[in-house]
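A.B. asks: when you get a sec, could you give me coordinates for this:
(chains A and B)
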Protein chains: 2
Amino acid sequence: MPNETQSYDIVVLGAGTGGYGAAFRAGQLGLKVALVDDNPKGLGGTCLHVGCIPTKAMLGSADLLDRMKHSSEFGITADDVAPDPEAIAKRRDKIVSRLVKGVTSLTKKNKVDYILGRGRLEGPQQVRVATIDKDGKSTGEVILKAKDVILATGSRVKSLPGLVPDGERIVTSDDVLRSAHIPASIIVVGAGAVGTEFASYYADMGAEVTVLEYLPGLVPLEDGDIRKEMERAFKKRGIKVITSARFDPSAVKADESGVSVMVGPEGGEPSEVRAEQMLVATGRAANVEDVGLETTRAVVDRGVVVTDGQMRTADPHLYAVGDVAGGLWLAHVATHEGIAAVHAIAGEEAEEIDYVKMPRATYSRPQVASIGLTSEQCAERGLKTKVGKMPMMASGKAVIEGDTTGFVKVIADAETDELLGVHMIGHHVTELIAESSTAMLLEATAWEVGAAVHPHPTLSEAMGEAAMAVDGKSINF
Amino acid sequence: MPNETQSYDIVVLGAGTGGYGAAFRAGQLGLKVALVDDNPKGLGGTCLHVGCIPTKAMLGSADLLDRMKHSSEFGITADDVAPDPEAIAKRRDKIVSRLVKGVTSLTKKNKVDYILGRGRLEGPQQVRVATIDKDGKSTGEVILKAKDVILATGSRVKSLPGLVPDGERIVTSDDVLRSAHIPASIIVVGAGAVGTEFASYYADMGAEVTVLEYLPGLVPLEDGDIRKEMERAFKKRGIKVITSARFDPSAVKADESGVSVMVGPEGGEPSEVRAEQMLVATGRAANVEDVGLETTRAVVDRGVVVTDGQMRTADPHLYAVGDVAGGLWLAHVATHEGIAAVHAIAGEEAEEIDYVKMPRATYSRPQVASIGLTSEQCAERGLKTKVGKMPMMASGKAVIEGDTTGFVKVIADAETDELLGVHMIGHHVTELIAESSTAMLLEATAWEVGAAVHPHPTLSEAMGEAAMAVDGKSINF
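C.D. replies: Numbers count the residues shown, from 1 in each chain, chains lettered A, B, ... in the order given. Sure thing, here's the model as predicted:
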């Protein structure tokens, strides 16, 4: 029996935030679009199923726990405050299910054909899908012909060479997000967003936490001032931090009593670090294999599909968005890449993806949020800058919220006053960076952001004050 | 003995947010400036001493209490969660002291002569100050000559004609902020920001709350959709809401058993509302009396000093900023008015105060934050609009934070796409409106705000989605 063949304007392969963002926008523009994904649970990809959403649900519980431990400072009495890890895990899973259901239901609203199955490119304009049902059982095959294909196959957790997660002693975020277990002690390898978030979570839950980071700072790609403040804050919380850490991944020992690794500074004497578990948070690998890329002219370089500023690969009718295309490996970036690809295909006004104008967020305590260039990057590029830095200590709202950790740092061009970068660390700063995103998209100056009225009392005032401070004209500090 | 006479570039009369904002900026611009205020505790005016700050401190405790009551939903167990009103009041007072101390210390940094005493205009360019010491005792008199004077004498609570607060049964926000008492039941008269905030607070503390509002909705100056959502949310919380309420203020009865008032709809049959206390939150009166305005050409109209867009009164060397000049009666607006006045005096680039581009914030639960025109105002002006509305139900972060009340509503010009108004109600929205403030200052279109990348998962995404929704192109709902 011949395979069924269907024709589309766009076929999107992979239904993470990049994939469904692209598919929904294509539907909104009146294009005939198919969205292919092999997760029987529904849309959402890494972010929704095993990334942003379940981790933030856990961190939300951890933040409330921390606040409750200090509730007497707020004039609230309570006895026997304690986490219930099983209940936290259940809530996490319930939130994921609810949001997956919600976003999956939007395929109809946006007139997207949602096809459950594993797709594979057969040239740049055809996808063969091994279809499955809701239980993951094979139901046959379908061939999708498309004017344009958007590859959005995402990524998977990646360990270090020689360090093999066993799901028990040596675990990844995938394992943690399937479990409710809180170890007595844990070694977190890697201090990017994922590593610092889990370190923060486990410390709140009462685990003894040691963070190992190869580079010289926590959140190592952030501005130097942020890295320093983060390390200070983590150490104050009792989290052990070893930066510039050197160890042999293949020499990590795991047995029934726990995990052990010899860690030293580069060229220095190593000493043993032991814990019940080790969490490997050393980044992700793009899913470029086994998707049929070899049948196209698309180029894979350093593990990711190479694209231009509109997410077009070397094959003019094949686009790649989200983690499979590298970039910033962030859900919200994937969404906008997906939209940009569809707009390019549909001939809408051209949008060039500009990663410098995309915000980054880390939901540890303290939180980190940033956009644009760091002070180090400005120096490398020889840019003359002026800097304003508002300490959260001077924010009335931060005092009211009982957490004055951190600051907002604004970097502006010394001559043009244009915003070059904004770097925030502290309570709730992930909610404050959107303003900078809009401001940078509009090529705002620091003067303009300072002239914009920020409501009082809010944490957002720190942005206005830091912007005024680039010219030494802050009012409240 | 003759009075001491001192000469200044600028004398600022009143050290609330408008006054100290003006004085600090004047100092930063190298002007010789005196700041005169008669509160021996320090700078800050209504906002810091008996307004924004102490109320938000109390509301911060109330929010934590509410969250703790539902902590089992977050997987946190606790017994005997209860507020300690004395401790909440102590924390409130401690926060006020800390922030007053902080801002008062900035007079030195900004080279401002801070003069403690009661000042009175003697013509537009001279202020006579009856000086006092830290205990409020008279220490003499000083005459300050100025090239320009900025009047920033603020405002005081105002009751209804015939309704006289006694500080016991019939109280104002001033009384509440001196006390730790939680009544068993309370009638809140007036449902603007102050009234709704206290209603929200007392409901959290376990009081039976009835809100009486003369106009047809809670937060009556907000967009109609916000008013409706607020009423729905308050009723769901068990707060009794009587809008379009009619009663005779002079017939309110207060005795040892409580307060009683006959309330009816306009022209309808009134019925009795009783409670332990009544909070009068019916607005504020500008402090225009007894400051010597009659010695100047400044015009007082409908109780406030009339100014132009740069806060200049009819007397060219006398400016008025903050509540004494009416406007929006908000601390952050006063600050920017103070800055605008100083910039005008100093001959800096002209800034016209534009109240349409100033955010408003209410810290009840749910919170309200808005900027620009309401739908009703757009209709009155005959503006053709398009509207995008993102329900918080569709926000992953709102689900994670356990509060999906509310929405973000974006109103854009149907033809130019320029933002006309943004109206938010829900958890933490007071932190989200700053983006719209910067966007409106930069005359952004809804398309631009939608194209700006909002980090995922945050509540701030609701702004991006609502902006995309004005053209029917939201991704996540």
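
A.B. asks: tell me the contacts of residue A:62?
C.D. replies: Counting by CB atoms under 8 Å, 6 or more residues apart in numbering or on different chains, residue A:62 touches A:83, A:200, A:201, A:204, A:205, A:365. From N, CA and C alone the C-beta is placed, and that goes for glycine too.

A.B. asks: name the member of those residues with the most neighbours.
C.D. replies: Among the contacts of residue A:62, the one with the most neighbours (other CB atoms under 10 Å in any protein chain shown) is residue A:200, at 28 neighbours.

A.B. asks: from the contacts of residue A:62, which are also near chain B?
C.D. replies: residue A:83 (CB under 8 Å from any CB of the partner chain).

A.B. asks: what separation is there between residue A:106 and residue A:39?
C.D. replies: 16 Å (CB to CB, to the nearest Å).

A.B. asks: around chain B, which positions in the stretch 301-450 of chain A sit nearby?
C.D. replies: Contact residues (CB under 8 Å from any CB) of the stretch 301-450 of chain A with chain B: A:330-333, A:335-336, A:339, A:351, A:357-361, A:369, A:394, A:396-397, A:399-402, A:428, A:430-435, A:437-442, A:444, A:448-449.

A.B. asks: show me what the helix or strand that residue A:34 is a member of pairs with in its sheet, parallel or antiparallel.
C.D. replies: Taking DSSP states H and E as the definition, residue A:34 sits inside strand A:33-37. According to DSSP bridges, strand A:33-37 has the following sheet partners: strand A:4-13 (parallel), strand A:112-121 (parallel).

A.B. asks: tell me where the stretch 51-200 of chain A has helices.
C.D. replies: A:52-69, A:85-109, A:173-176, A:193-204 (DSSP state H, counting those that start in this stretch).

A.B. asks: make CSV out of these and add distance to residue A:242 and mean pLDDT.
C.D. replies: CSV is the format used below for those (distance: least, CB to CB, whole Å; pLDDT from 0 to 100):
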stretch, distance to residue A:242, mean pLDDT
helix A:52-69, 22, 98
helix A:85-109, 26, 98
helix A:173-176, 20, 97
helix A:193-204, 12, 98
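
A.B. asks: same list, the ones you listed, but as CSV with distance to residue A:152 please.
C.D. replies: Converted to CSV, these look like this (distance: least, CB to CB, whole Å):
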stretch, distance to residue A:152
helix A:52-69, 16
helix A:85-109, 14
helix A:173-176, 19
helix A:193-204, 20
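
A.B. asks: so which of these comes closest to residue B:65?
C.D. replies: helix A:52-69 (10.5 Å; CB to CB).

A.B. asks: wait, does stretch A:465-477 contact chain B?
C.D. replies: Yes: shown here: stretch A:465-477 in contact with chain B (CB under 8 Å from any CB) through A:472, A:473, A:475, A:476, A:477.

A.B. asks: and the furthest pair within those?
C.D. replies: Using CB to CB, the pair of these lying farthest apart is A:472 and A:476, separated by 13.7 Å.

A.B. asks: between those two, who's got more neighbours?
C.D. replies: Counted by other CB under 10 Å, residue A:472 and residue A:476 do not tie: residue A:476 has more neighbours, with 24 against 9.

A.B. asks: can you pull the domain assignment for chain A?
C.D. replies: A:4-52+A:90-156+A:285-355, A:159-282, A:366-469 (automatic domain parsing).

A.B. asks: out of everything not next to it in sequence, what's closest to the residue nearest the centre of chain A?
C.D. replies: Residue closest to the average C-alpha location in chain A (CA atoms, centre = their mean): residue A:330, at 4.2 Å. The shortest distance from residue A:330 to any non-neighbouring residue, by CB to CB, 6 or more residues apart in numbering or on different chains, is to residue A:360 (6.6 Å).

A.B. asks: gap between that neighbour and residue A:227?
C.D. replies: Plainly put, residue A:360 is 13 Å away from residue A:227 if you go by CB to CB.

A.B. asks: cool, and residue A:109?
C.D. replies: On the measure of CB to CB, residue A:109 and residue A:227 end up 43 Å apart.

A.B. asks: assign a three-state SS to the closest residue to residue A:313 other than its chain neighbours, would you?
C.D. replies: Distances taken as CB to CB, 6+ apart put residue A:298 closest to residue A:313, at 3.8 Å, once the chain neighbours are dropped. Put simply, residue A:298 is coil when judged by DSSP: H, G, I helix; E, B strand; the rest coil.

A.B. asks: residue A:298 is in contact with residue A:315, isn't it?
C.D. replies: Yes: using CB atoms under 8 Å as the test, residue A:298 is close enough to residue A:315 to be in contact (5.0 Å).

A.B. asks: intersection of neighbour lists for those two?
C.D. replies: Residues touching both residue A:298 and residue A:315 by CB under 8 Å, 6+ apart: residue A:124.

A.B. asks: these two: who's more crowded?
C.D. replies: A direct count of neighbours by other CB under 10 Å for residue A:298 and residue A:315 places residue A:298 higher, at 24 against 20.

A.B. asks: OK, contacts around the more buried one?
C.D. replies: Per CB under 8 Å, 6+ apart, neighbours of residue A:298: A:124, A:151, A:305, A:306, A:313, A:314, A:315, A:318, A:320.

A.B. asks: just the buried ones out of those residues, please.
C.D. replies: A:124, A:151, A:305, A:313, A:315, A:318, A:320 (16 or more other CB atoms under 10 Å in any protein chain shown).

A.B. asks: who's in contact with the first one?
C.D. replies: With contacts defined as CB under 8 Å, 6+ apart, residue A:124 is in contact with A:149, A:295, A:296, A:297, A:298, A:313, A:315, A:316, A:317, A:318.

A.B. asks: can you tell me the closest non-neighbouring residue to the last one?
C.D. replies: Which is residue A:318. In space, residue A:318 is closest to residue A:124, 4.0 Å off (CB to CB, 6+ apart).

A.B. asks: could I get the phi/psi values of that neighbour?
C.D. replies: phi -70, psi -10 (degrees, to the nearest 10).

A.B. asks: ditto for residue A:16
C.D. replies: Dihedral angles of residue A:16 (phi, psi; degrees, to the nearest 10) stand at phi -70, psi -170.
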